[in-house]
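Participant: take this sequence and fold it.
(one chain, ligands or ions: 1)
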Amino acid sequence: MNKIDVCLSPELIHLYDVPSRVVVIVDILRATSCMTSGLAHGVEAILPVADLETCRTYKSQGYLIAGERNGEKVEGFDMGNSPFEYMAPTTKGKKVAVTTTNGTQALEKSRGAKEILIGSFLNLSVVAERLVKMKEDVLIVCAGWKGKVNLEDSLFAGALVEKLKGAFASDCDAPLMAQTLYTTVEGNLEGYLRASSHVQRLKRLHIHEDIKYCLTPDLCPVVPVLRGHELVIE
Ligand code: 3SL
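Facilitator: Here you go, the predicted structure:
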């Protein structure tokens, strides 16, 4: 049976054999939710980059540039990090280069994986279906917050493990821990997350609608996958 594991923070990634695994990157609030929803709504491709300066250089190559630091849109960028910006008509058929505080950093650290997929509640079921078909060992990489573990990414990891139960085995406690957390609070994710550090942090930005949207399962049945340097749907 193939194995599944959960890396609760990118700082722990050295503990895992990334090249032997299909990696699912998770940053529920909000990077991987933006990527999923943008590609589902007509963005042609998304180029994740680690730093602001590199991201800026893509503007002259015809990309829209999206950037967030500490939740706020970066000055001079076309977009911040709201899924609603990614769904705007102005993004249709466009390529977006993006850099975020944690999500794009987690992806950077996962380069070299057998395959990199983007996971979010918005595409939970189709990601699970794809993983079952792939028949490979899986590592769910939670972006967390600046190296620390966070609740929303751990909850999604638990939701994915729960969807995949019976299809994968694990020899580490993180999948079981995340799954138990998720099954305990799945009926009230939004309420449970109200006390979480990132929801508290985002409060001052008044993005309640973003949070609600990012926690809605299966609104965008697409699986973004890294092809070369860009995320696309196939
Ligand atoms: O850290 C990230 O990658 C972002 O998703 C954080 S925020 O939701 O835009 O604050």
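Participant: relative to the ligand, how far out is the spatially most distant residue from the centre of the chain?
Facilitator: Distance to the chain centre peaks in the chain at S60, reaching 26.7 Å (criterion: Cα atoms, centre = their mean). Distance of S60 to the ligand, given as Cβ to the nearest ligand atom, to the nearest Å: 24 Å. Quick note: C-beta positions are derived from backbone N, CA and C, even for glycine.
Participant: what about that residue, which SS state?
Facilitator: Assigned state for S60: helix (three-state reduction, DSSP: H, G, I helix; E, B strand; the rest coil).
Participant: helices or strands up against the helix-or-strand element of the chain with minimal mean pLDDT?
Facilitator: Least confident helix or strand, the chain: helix 197-203 with a mean of 86, by mean pLDDT, DSSP states H and E. For helix 197-203, the packing partners by 3 or more Cβ pairs under 8 Å, 6 or more residues apart in numbering; DSSP states H and E come out as helix 151-163, helix 208-214.
Participant: send me it as CSV with only the CA atoms.
Facilitator: What follows is helix 197-203, C-alpha atoms only, in CSV (Å, rounded to 0.1, in the frame of the first residue of the first chain):
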residue,chain,number,x,y,z
SER,A,197,-3.7,32.9,14.7
HIS,A,198,-4.2,33.6,11.0
VAL,A,199,-7.9,34.4,11.2
GLN,A,200,-7.1,36.8,14.0
ARG,A,201,-4.3,38.3,11.9
LEU,A,202,-6.5,38.7,8.9
LYS,A,203,-9.3,40.3,11.0
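Participant: before we move on, the earlier item: what's the closest of the helices and strands packed on helix 197-203 to the ligand?
Facilitator: helix 208-214 (7.7 Å; Cβ to the nearest ligand atom).
Participant: pLDDT of the closest one, averaged?
Facilitator: If you average the pLDDT over helix 208-214, you get 94.
Participant: flag every buried residue along that helix.
Facilitator: Within helix 208-214, the residues that qualify as buried by neighbour count (16 or more other Cβ atoms under 10 Å) are D210, I211, Y213, C214.
Participant: who touches it?
Facilitator: With contacts defined as Cβ atoms under 8 Å, 6 or more residues apart in numbering, helix 208-214 is touched by 28-30, 33, 37, 82-84, 120-122, 152, 190, 193, 199, 202, 219.
Participant: what about 10 Å?
Facilitator: 27-34, 36-37, 71, 81-85, 87, 120-122, 152, 156, 189-190, 193-194, 196, 198-199, 202-203, 207, 219 (Cβ atoms under 10 Å, 6 or more residues apart in numbering).
Participant: pLDDT at the closest residue to A40 other than its chain neighbours, what is it?
Facilitator: Leaving aside its sequence neighbours, A40 sits nearest to C220 (Cβ to Cβ, 6 or more residues apart in numbering; 3.6 Å). On the pLDDT scale, C220 is placed at 98.
Participant: again with R204
Facilitator: For R204, the model assigns a pLDDT of 79.
Participant: you'd agree it is up against G71?
Facilitator: Yes: using Cβ atoms under 10 Å, R204 is in contact with G71, at 8.3 Å.
Participant: comparing those two, which residue is more hemmed in?
Facilitator: G71 (19 against 9; other Cβ atoms under 10 Å).
Participant: how about the strands of the chain, start to end?
Facilitator: Ranges of strands within the chain are 4-7, 22-26, 45-48, 64-69, 72-73, 95-99, 115-119, 138-142, 225-227, 230-232, based on DSSP state E.
Participant: alright, that wraps it up for me.
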